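S.K.: Model the structure of this input:
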Amino acid sequence: MQVVSEHVLRATLSALAGVPRVVSSGNFATPSQLLHVVDSALPAYRLNMLNAQPGVPEREGVELETSFVGPGMRHSPRLRYLPCRLSLVPRLLATSLPPDVVLVHTSTVRGDTVSLGTEVNVMPAAIEEVRRRGGLVIAQLNPNMPYTFGDAVIPVDHVDYALEVEQSLQSPGVIHVDDSALRIGQLVADRVPDGATIQTGIGAVPDATLLGLTERRQLAVWTEMFSDGVLALERAGSLDPSILVTASFLFGSQELYEWVDGNERVQMLRTEKTNDPALIKANRLMVSVNSALQVDLFAQANASRIGRRIYSGTGGQTDFVVGAMHSAGGQALVALRSWHPRADCSTIVPLVDEPVTSSQMSAVVTEQGVAELFGQDQKAQARNLIEQAAHPSVREELWEEAEALSLT
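M.R.: Numbers count the residues shown, from 1 in each chain. Here you go, the predicted structure:
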């Protein structure tokens, strides 16, 4: 690894031929200064990131690519969305999306290694592939990036160039947990026994769910990502100290970043492991909690699109639904509000007219109640969704639609 100036790095990048593909850490670990250097050096390139946050380059000549759309790319006319389960994105990098440059946001050097810190995800696969192809691995070395273990640890000789940049890590900010979220979270938490393994995401409902689990004991965490709720479980004594907290990426408060720094209780693994349904299945009493934009009367969830426009992506939902449903005593739950506050419409619909993200889950949970699904025939599934999960104001209409769909 050679630590260089922006000037040297810009000159090196300018020598690249054609329209290179640049794969970068995403989420809240974006190497923003490196991206600025790349953007100033290359007149045209492809930028591939997962869940890009606001501030990524947006101009003619930059083609944005992703399999999970974040707010930084969501409304771009230059967005190229590639549908893919998160567990299979590394396969894309090895086949149809070969990288020429990989940008990573890392810790400073410890011994002969750096750490990917809060964002492991698909980056180990990207590094392996670009090195196999003879491309460049460039690190933004940041003393504020936590040093985490597992697949986060990268030998310095796997990095070609590095730029030293001290900057604060991004955070999603405080999430307001309202009464509906608290109700949903408690209903979900009520289904989680002592000794269960938890997967959940970020947002008001996941936060409320984890809040409701602080009285549980011997819990484990095997998840795609986590935030401050897991730290709260640790401090409440809810987590089994003999089992590592396992995730592929994380983001949250500065307090969370300080907790994971050098913490051997936290194991950061590459996506191919955390999202492998076979490995998810192996966890005890696996409880997967995901959200959706809509669920229809056939128990199909749309968590990706709004009005035929891609909003996020498949992500890891299908990976965890399948893994949890095959786990001994496992459950796959979809938790959402019965009424969409922004769109002002029901989230329980007769039939989703968008591509389906997942199906065959254990139950759907809203603030109205719990609709049991698995093991029910299709008519019982529809009845439970209408009577237990749907907002009361649309139940009559849903019954009419259910009859038209031969679900009564």
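S.K.: For the closest residue to residue 157 other than its chain neighbours, give me its contacts.
M.R.: Closest residue in space to residue 157, ignoring its immediate chain neighbours: residue 1 at 6.7 Å, by Cβ to Cβ, 6 or more residues apart in numbering. No exception for glycine: its C-beta is placed from N, CA and C like everyone else's. Residues near residue 1 by Cβ atoms under 8 Å, 6 or more residues apart in numbering: 109, 114, 139, 156, 157, 159, 160, 161, 162.
S.K.: Quick check: phi and psi at the fifth one.
M.R.: Meaning residue 157. Per-residue torsions, residue 157: phi -80, psi 0 (degrees, to the nearest 10).
S.K.: and what of the third one?
M.R.: Backbone torsions for residue 139, taken as degrees, to the nearest 10, come to phi -110, psi 140.
S.K.: was I right about it contacting residue 116?
M.R.: No - the criterion here is Cβ atoms under 8 Å, and residue 139 misses it with residue 116 at 9.3 Å.
S.K.: Compare the two and say which one has the larger neighbour count.
M.R.: residue 139 (32 against 29; other Cβ atoms under 10 Å).
S.K.: From residue 258, how far off is that one?
M.R.: 22 Å (Cβ to Cβ, to the nearest Å).
S.K.: What of residue 325?
M.R.: Counting by Cβ to Cβ, the gap from residue 325 to residue 258 is 36 Å.
S.K.: out of these two, which sits in the more crowded spot?
M.R.: Between residue 325 and residue 258, counting by other Cβ under 10 Å, residue 325 is the more crowded of the two (19 against 13).
S.K.: would that one count as being in a strand?
M.R.: No - assessed with DSSP: H, G, I helix; E, B strand; the rest coil, residue 325 is helix; it does not lie in a strand.
S.K.: residues contacting it?
M.R.: With Cβ under 8 Å, 6+ apart, residue 325 has these contacts: 331, 332, 360, 361, 362, 374.
S.K.: do residue 290 as well
M.R.: Neighbours of residue 290 in contact, by Cβ under 8 Å, 6+ apart: 200, 201, 301, 303, 317, 320, 321, 332, 333, 334, 335, 358.
S.K.: Go through those and flag which are in helices.
M.R.: Among those, the residues falling in helices (DSSP state H) are 317, 320, 321.
S.K.: Could you rank those by neighbour count and give me the top one?
M.R.: Most crowded among the ones in helices among the contacts of residue 290, counting by other Cβ under 10 Å, is residue 320 at 30 neighbours.
S.K.: Can you verify my assumption that that one contacts residue 199?
M.R.: Yes - if you go by Cβ under 8 Å, residue 320 and residue 199 touch, sitting 5.2 Å apart.
S.K.: Find residues that contact each of these two.
M.R.: 224, 280, 288.
S.K.: Need the distance between the two termini of stretch 93-113.
M.R.: One end of stretch 93-113 to the other measures 24 Å (Cα to Cα, to the nearest Å).
S.K.: If you count neighbours, what's buried in that stretch?
M.R.: 93, 97-109, 113 (16 or more other Cβ atoms under 10 Å).
S.K.: Those residues in helices, which ones?
M.R.: Residues of the buried residues of stretch 93-113 located in helices (DSSP H): residue 93.
S.K.: just curious, which of the buried residues of stretch 93-113 is nearest to residue 183?
M.R.: Residue 183 has its nearest neighbour among the buried residues of stretch 93-113 in residue 105, at 37.5 Å by Cβ to Cβ.
S.K.: Run through who's touching the helix or strand hosting residue 397.
M.R.: According to DSSP states H and E, residue 397 maps onto helix 395-404. Helix 395-404 is contacted from outside by 297, 346, 348, 350, 351, 382, 383, 385, 386, 387, 390, 408, using Cβ under 8 Å, 6+ apart.
S.K.: Just the buried residues from the residues you listed, in ChimeraX please.
M.R.: To isolate the buried members of the contacts of helix 395-404 in ChimeraX, using 16+ other Cβ under 10 Å:
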select :297,346,348,350,382,383,385,386,390
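S.K.: if we can go back for a sec, tell me which entries of the shared contacts of residue 320 and residue 199 lie within strands.
M.R.: Among the shared contacts of residue 320 and residue 199, the members falling in strands (DSSP state E) are residue 288.
S.K.: CSV please, covering the shared contacts of residue 320 and residue 199 and showing neighbour count, pLDDT and distance to residue 5.
M.R.: Shown next, in CSV, are the shared contacts of residue 320 and residue 199 (neighbours: other Cβ atoms under 10 Å; pLDDT from 0 to 100; distance: Cβ to Cβ, whole Å):
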residue, neighbour count, pLDDT, distance to residue 5
224, 26, 97, 36
280, 29, 98, 44
288, 31, 97, 46
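S.K.: Of the shared contacts of residue 320 and residue 199, which is the nearest to residue 190?
M.R.: Among these, and counting by Cβ to Cβ, the member closest to residue 190 is residue 288, at 16.0 Å.
S.K.: mind listing what the closest one touches?
M.R.: Contacts of residue 288 by Cβ under 8 Å, 6+ apart are 199, 200, 280, 320, 321, 323, 324, 330, 331, 332, 333.
S.K.: Now distance to residue 252 too, for those residues, in CSV please.
M.R.: Listed next are the contacts of residue 288 as CSV, based on distance: Cβ to Cβ, whole Å:
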residue, distance to residue 252
199, 16
200, 13
280, 22
320, 20
321, 24
323, 24
324, 23
330, 26
331, 25
332, 24
333, 22
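S.K.: least confident pick among these?
M.R.: Lowest pLDDT among those: residue 200, with 93.
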